[in-house]
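Participant: what follows is a predicted structure for the sequence shown.
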Amino acid sequence: MNTSEGSSLVLCSTRNCMMTEEEELRMAEYELSEVEAQLLSLEDKKQLILERIEKLKDNILLKKNQLLASRNWANTDFPWSRKVKEILKSIFKLDGFRQLQLETINATLSNEDVILIMPTGGGKSLCYQLPALVKPGMSIVVSPLVSLMEDQLMALKALNVNAKMLSATSTKEEVNEIQNDMVNKNGRLKLLYVTPEKLAKSKRFMTKLQKMYGLGRLSLIAIDEVHCCSQWGHDFRPDYKFLGVLKAMFPDVPMLGLTATSTSKITIDVQKMLSIQGCLVFRASFNRPNLYYEVRIKSSNQEECLQELVNLLKTRYKGQSGIIYTTSIKDCEQLMVDLRNKDLRIGCYHANLDPELRSKVHNKWLTGEYQAVVATIAFGLGIDKPDVRFVIHHSLSKSMENFYQESGRAGRDNKKAECIVLYRLADVFKLSTMVFTQQTGLQNLYNIVAYCLDQVRCRRTIIASYFDEAWDSQNCNAMCDNCRRPREKKEVNVTQYCRSMYQLISNAAGNDVKLTAQKLIDAWYGKGAGNLRVKSVPIPTFPRETGESVIAHLLVEGYLQEDFHFTPYSTISYLKRGPKAAAALSDEHRIVMNISGKAVPPGNSLSHNVSSDKKESPSHGTEKTNDASRKNLSDSSNKTNSSSRKSLSHNSEQTKDFSKKSSSHSLEKSNDSSRKSSSHNSEKATDDCRKSTKTPDDNKSKSSTTSSHHKKKEGKNDSISKSSFDNKIYNKIQNSVSDTHNNDTVSKDESTVVFLSSDSDDDFRSKMQVPQKRKAAVLDSDSDG
Ligand SMILES: Nc1ncnc2c1ncn2[C@H]1C[C@H](O)[C@@H](COP(=O)(O)OP(=O)(O)OP(=O)(O)O)O1
């Protein structure tokens, strides 16, 4: 190789050519880029192959699952069938099996792996407790909560079943005694409850477990709340990952995973996490026919809201037992004090109470000394009082799963019980600021908001479709408010209101202000700071609750979006244009919201629509206000449209001429007199409504609005009956014992618009295991303390 100054000559002996080093460098770089391109393409190929492998694995798992499922597991001629029946009666004192219990027990006793998905209170515990007594040796039950294990042990002790638990708080003596029993051929312990942490962190325990397995004494591994294995679930727990080693360590020990909440995706993920090669998946129906579901609007006035609860507890639920769920510890304590001040026997339960006090409250509730417990979600898992007659959500749950689990504490004895949600938009933001950092936190929350907004569809059907079940509302048997008082479904075009919101948001941004939902509604209703109002945005003639419903609908549907900002003390949710803003501003786009119209006789289908030429806006009010406000609602004003258009372009956010189709939009007249009269009317309506809520016997109309969240599923209908859209006020939602219990028919033409009627306890699970000692000041004077 010769080199000269500035450039080098390279002898390419193989190719018999001379090349400068620069040329060779370029060549090398070119070759490198070729290799990198190939690597990238190989990487893509690898990715595709990996995906194919995952899919094939899923399919193989599903096929194996299906094959296993094809056997008749409900047979009563298995070798153990007689013993199973005998133990059911003699030890568990039960007469028969509930849905899927026998199938699960038989499959487990056949040494098959099973995942059992059964609603809260369905009777999952029996499915591992009974096989544990049929089989020789000991069964291990992995359970996430110490309190849950304690409850189970208490129940088993009452049945004289030999069961114990191991947790981080177990004493040395207890640990020794249990571990000796594990490896004793004549050991008598039948069930051992352990936390996943214990399995993951105690080598000594795992060694004993292996020894026990070697002796042929490990009969079953049951994993409670098995959905915690999956990162897709709402409840992923890192320690559950460790359970993946169990199948390899104890290949011929059957595994039984139990959960009350698992979608198909989570179920497959769980199988993979547990290294189960094909298993039986038993999924019980999520329908709880004995539960009555209802959503009511929660008054913005605290005293009224309290009075509603007091009335419920003193009349409709007099002498009955229940739970009232709140979001925060502060709300929980305050509500207990308020209810006690009204002479009610109420306890309060949250994760920050010391364990002794918690269990005192629990016991007083179990024995009936307390009529109800005001609780955070800490009061949940393991609560097994059969005769809970009501569960009231004083503010909405974080998700449909949470709601299902919490409301599912009611009616475990299969007798009728009621699940009522008190809904208010403001509560949505209390929760959203807590959950928005979770991967699916906001979507989960909006699902339950949509449930609350829906005033037409059978609530049971909404819940079922959430859990991948198809349910016919006919099967509801009028056990939800929407089926009990069926109404026509009507579609209302709310596009112009969405655009009004954009105008208000843009105007505020121009003033360097961000709008919370509260401020946005204030500005819309001509309240609050003057510079946040926009002249061209008409003040709605319908009440504020209706405005709230419209905003909730826009949020759930993605036309608005929450914008979270941190302050040193809290997180604030502002509203901004959502991902669907561009669509909302296009000419052709219509944002449709379902509302409920005229009452239809029970049994009639709700899905048909009423025909009419006009679109109407959602509203409610008293009979008196009907004519005036209806007129206001149905009048369209090009004037208003063009001014709002102007304002939008001025604000230079994605502007489009959306007024071309304004004739189809029922924008209100923006003149002063109409504004005055309508707001006067709606205020009066609200007053009347409040008055009417104090009249339990008043059996007049109720008002309702609903979201068109499920519009696609239900089909589109452009027509609305003006006459059927009377602005009667919702009333006597509260206190209406007879109505909700017995009223299968609705009074004539009750078409109404219903407007429906912090410190989080979110991390209660970790708190439960390492309890923070804190006795609430409000409880000090109480006998609990
Ligand atoms: N076959 C049966 N017949 C009558 N009662 C039963 C039967 N099986 C279970 N039960 C009762 C026992 C309990 O009081 C209640 C709930 O059972 P349990 O096993 O605690 O439910 P679960 O484990 O599915 O609920 P959770 O998800 O809340 O833990 O039902």
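Facilitator: Right, received. Where do you want to start?
Participant: now do the helix or strand encompassing residue 87, average pLDDT.
Facilitator: Taking DSSP states H and E as the definition, one finds residue 87 inside helix 81-90. Per-residue confidence for helix 81-90 averages out to 96 on the pLDDT scale.
Participant: what's the average pLDDT for the helix or strand following that helix?
Facilitator: Elements were assigned by DSSP H and E; along the chain past helix 81-90, the next helix or strand is helix 101-109. Looking at helix 101-109 alone, the average pLDDT works out to 96.
Participant: what helices and strands are in contact with helix 101-109?
Facilitator: With contacts taken as 3 or more CB pairs under 8 Å, 6 or more residues apart in numbering; DSSP states H and E, helix 101-109 sits against helix 81-90, strand 114-117, helix 125-134, strand 280-283. Every C-beta, even on glycine, is put in place using the N, C-alpha and C of the backbone.
Participant: so which of the ones you listed gets nearest the ligand?
Facilitator: Evaluated with CB to the nearest ligand atom, these place helix 125-134 nearest to the ligand, the distance being 3.2 Å.
Participant: what does the closest one contact?
Facilitator: The set of residues external to helix 125-134 that reach it, using CB atoms under 8 Å, 6 or more residues apart in numbering, is 80, 83-84, 87-88, 91-92, 94, 101, 104-105, 108-109, 116, 138-139, 141, 152, 155-156, 161, 190-191, 219-220, 222, 256, 258.
Participant: give the buried residues for it.
Facilitator: Going by neighbour count (16 or more other CB atoms under 10 Å), the buried part of helix 125-134 is 125-134.
Participant: are any of the contacts of helix 125-134 buried, and which?
Facilitator: A residue is treated as buried here by neighbour count (16+ other CB under 10 Å); on that basis the buried members of the contacts of helix 125-134 are 84, 87-88, 92, 101, 104-105, 108-109, 116, 138-139, 141, 152, 155-156, 161, 190-191, 219-220, 222, 256, 258.
Participant: identify the residue nearest the residue in the stretch 501-650 of the chain that the ligand sits nearest to in space, chain neighbours excluded?
Facilitator: Of all residues in the stretch 501-650 of the chain, the one sitting closest to the ligand is residue 556 (28.5 Å; CB to the nearest ligand atom). On the basis of CB to CB, 6 or more residues apart in numbering, the spatially nearest residue to residue 556 that is not a chain neighbour turns out to be residue 446, at 4.6 Å.
Participant: tell me if that neighbour really is in a helix.
Facilitator: Yes - using DSSP: H, G, I helix; E, B strand; the rest coil, the assignment for residue 446 is a helix.
Participant: didn't it look like it was pressed against residue 553?
Facilitator: No - Residue 446 lies out of contact with residue 553 (CB atoms under 8 Å); the separation is 10.4 Å.
Participant: more neighbours: those two, which one.
Facilitator: The residue with more neighbours, out of residue 446 and residue 553, is residue 553; 29 against 21, by other CB atoms under 10 Å.
Participant: need phi/psi at the more buried one.
Facilitator: Note on residue 553: its backbone torsions stand at phi -60, psi -40 [degrees, to the nearest 10].
Participant: if I look at the residue nearest to residue 556, how far off is residue 505?
Facilitator: 19 Å (CB to CB, to the nearest Å).
Participant: and residue 294, what are its phi and psi?
Facilitator: Here is the backbone geometry of residue 294 (degrees, to the nearest 10): phi -150, psi 150.
Participant: which intervals of the stretch 351-500 of the chain have sub-threshold pLDDT?
Facilitator: Counting by pLDDT under 70, the ranges of the stretch 351-500 of the chain that qualify are 381-382.
Participant: how about the residues of it near the ligand?
Facilitator: Remark: the part of the stretch 351-500 of the chain in contact with the ligand comprises 384, 386, 412, using CB under 6 Å from any ligand atom.
Participant: mind running it again at 5 Å?
Facilitator: With CB under 5 Å from any ligand atom as the criterion, the stretch 351-500 of the chain comes near the ligand at residues 384, 412.
Participant: rewinding a little: dump the helices and strands packed on helix 101-109 to TSV, plus distance to residue 241.
Facilitator: Converted to TSV, the helices and strands packed on helix 101-109 look like this (distance: least, CB to CB, whole Å):
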stretch	distance to residue 241
helix 81-90	33
strand 114-117	17
helix 125-134	21
strand 280-283	21
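Participant: which residue packs closest to residue 491, ignoring adjacent ones?
Facilitator: Excluding its sequence neighbours, the residue lying closest to residue 491 (CB to CB, 6+ apart) is residue 592, at 4.7 Å.
Participant: in the sheet, who's paired with the one you found?
Facilitator: Following DSSP bridges, residue 592 is listed with bridge partners residue 493.
Participant: before we move on, what about residue 566?
Facilitator: On the basis of DSSP bridges, residue 566 is bridged to residue 571.
Participant: counting neighbours, what do you get for it?
Facilitator: Using other CB under 10 Å as the criterion, residue 566 is surrounded by 9 other residues.
Participant: is the helix holding residue 87 up against the ligand anywhere?
Facilitator: No - applying CB under 5 Å from any ligand atom, one finds helix 81-90 out of contact with the ligand, separated by at least 7.5 Å.
Participant: next, the angle from that helix to helix 101-109.
Facilitator: Between helix 81-90 and helix 101-109, the angle comes out at 130 degrees (axes from the mean of the first three to the mean of the last three CA atoms, to 10 degrees).
Participant: go ahead and confirm residue 206 touches residue 212.
Facilitator: No - Residue 206 is beyond contact range of residue 212, at 10.4 Å (criterion: CB under 8 Å).
Participant: sec struct for residue 526, please.
Facilitator: Following three-state DSSP, residue 526 is assigned to coil.
Participant: for whichever residue of the stretch 201-350 of the chain sits closest to the ligand, what are its contacts?
Facilitator: Of all residues in the stretch 201-350 of the chain, residue 260 sits closest to the ligand, at 4.4 Å by CB to the nearest ligand atom. When the contact criterion is CB under 8 Å, 6+ apart, the partners of residue 260 are 117-120, 122, 124, 404-405, 408.
Participant: surely residue 475 is in a strand?
Facilitator: No - residue state for residue 475 (three-state DSSP) corresponds to helix; a strand is not indicated.
Participant: count of neighbours near it?
Facilitator: Residue 475: 14 neighbours (other CB under 10 Å).
Participant: contacting residues around the residue lying closest to residue 423 once chain neighbours are set aside?
Facilitator: Taking CB to CB, 6+ apart, and ignoring the residues beside it in sequence, residue 423 has residue 452 as its nearest neighbour in space, at 4.0 Å. Residues near residue 452 by CB under 8 Å, 6+ apart: 295, 396, 421, 423, 756.
Participant: residue 452 should be in a strand, yeah?
Facilitator: No - the assignment for residue 452 by three-state DSSP gives helix, which leaves it out of any strand.
Participant: from the ligand, how far off is it?
Facilitator: 24 Å (CB to the nearest ligand atom, to the nearest Å).
Participant: what does residue 100 give?
Facilitator: Relative to the ligand, and taking CB to the nearest ligand atom, residue 100 is found at 10 Å.
Participant: secondary structure and neighbour count added to the contacts of residue 452, as a markdown table?
Facilitator: Listed next are the contacts of residue 452 as a markdown table, based on DSSP: H, G, I helix; E, B strand; the rest coil; neighbours: other CB atoms under 10 Å:
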| residue | secondary structure | neighbour count |
| --- | --- | --- |
| 295 | strand | 27 |
| 396 | coil | 25 |
| 421 | strand | 25 |
| 423 | strand | 25 |
| 756 | coil | 29 |
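Participant: residue 43: which of these is nearest?
Facilitator: Distance ranking of those against residue 43, using CB to CB, places residue 396 first at 44.9 Å.
Participant: I'd guessed that closest one sits against residue 450; true?
Facilitator: No - under the criterion of CB under 8 Å, residue 396 lies out of contact with residue 450, with a separation of 11.0 Å.
Participant: looking at residue 206 and residue 212, which is more packed in?
Facilitator: Here residue 206 and residue 212 are set side by side on neighbour count (other CB under 10 Å), and the busier one is residue 212, at 23 against 17.
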